[in-house]
Each structure stands twice: as C-alpha cells, then as structure tokens.
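Q: Need coordinates for the below:
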Amino acid sequence: MYLNKVLLYGNLTRDPEPKALPGGNQVVNFSIATNRVYKDKNGQKQEATEFHNVVAFARSAELIAQYLKKGQPIYVEGRLQTRSWDGADGKKNYRTEIVVDSFQFGPKGGATGAAGGSSSYTRDEQPAPAAADGDIQYPDEEINPEDIPF
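A: Reported below is the predicted structural model:
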C-alpha cells in the first residue's frame, strides 16, 4: 500500500490567486508558511520556516479565495503532486505542490492554539450559514434528553 498524504497548519504568505480553468472549474494558488522551533547543538533556540505551494479546486478554491487573505491561518489536508512544463527558454521546469483535499479556516484574528473557532470543508462542500451577530443559534423546538446519545 502507498500513501501520499500531507497535513499542514500555517499562515498564508500571500493572498490567494483565483483563476478559472478552460472547463469552467475554479482553481486557486497560494502558499503557506510553517515554522519549526528546535535547539541547535549549542542549546540555543532556533526557528526555521518552510514555504509550501498549495493549489485547491472547485468549491474549496472558491471558499479560500473569498475568505482568506495574507497572514491568516489555515489547516490543509491533501497530497503532493509534481507537475512539469517547458519554459520559454526551452528548459524543463518543475513545481511540487500540495493539492487540497480538505481544509479548515484557522481561528479569527490569526491566533494559533487550540481555542478559537474554525470551519472545516471538504471538496465541493458548502458551509452552513452563520448567525448574523456571530452567536450560536439554537433550535426552536425543545431538546428531549432521551434523544442525546450519551
């Protein structure tokens, strides 16, 4: 069995670049920066940043292009894909990128951590409408405790 799975949580390094494919499908390109903190051989704290090229299609592309901007956090699940093309100078060019299968918006305000709201979407899935004031909307009918599965 083979596995090609990528999980990333980081911040967008630039605004998403939406485009339309010839068939009408939407595509968006963006990049994510991830940080790694470690101690070097002298015991000094060091930080290394990696930059990842990401591409999303269809509904995921539309949502990312509409709601995310440079600096905002995002969690991405996807797969690695390398594509190639011939450049203007005749040289073969390669680009390895992460193709999004699903994603979650990070907490509002760009804060990292376990707290904060996030929304999760998979390809071709639409978000539920949010309350106008940002509060939780409860159902109108009574909740029967016997209906709760735990």
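
Q: per-residue confidence for the residue nearest to residue 103 when sequence neighbours are not counted?
A: Excluding the flanking residues, the one nearest residue 103 by C-beta to C-beta, 6 or more residues apart in numbering is residue 76, at 4.9 Å. Backbone N, C-alpha and C define where each C-beta goes, glycine included. The model reports residue 76 with a pLDDT of 97.

Q: partners of the helix or strand that contains residue 76, with directions?
A: Element membership for residue 76 (DSSP states H and E) is strand 73-86. Partners of strand 73-86 in the sheet, by DSSP bridges, are strand 6-12 (antiparallel), strand 92-105 (antiparallel).

Q: closest to residue 23 out of those?
A: Among the strands paired with strand 73-86, strand 92-105 comes nearest to residue 23, with 16.8 Å by C-beta to C-beta.

Q: Quick check: which element contains residue 59?
A: helix 58-67.

Q: Now that helix: buried residues?
A: Residues 58-65 are the ones in helix 58-67 that count as buried (16 or more other C-beta atoms under 10 Å).

Q: Please apply the same query to stretch 79-99.
A: For stretch 79-99, a neighbour-count test (16+ other C-beta under 10 Å) marks 97-99 as buried.
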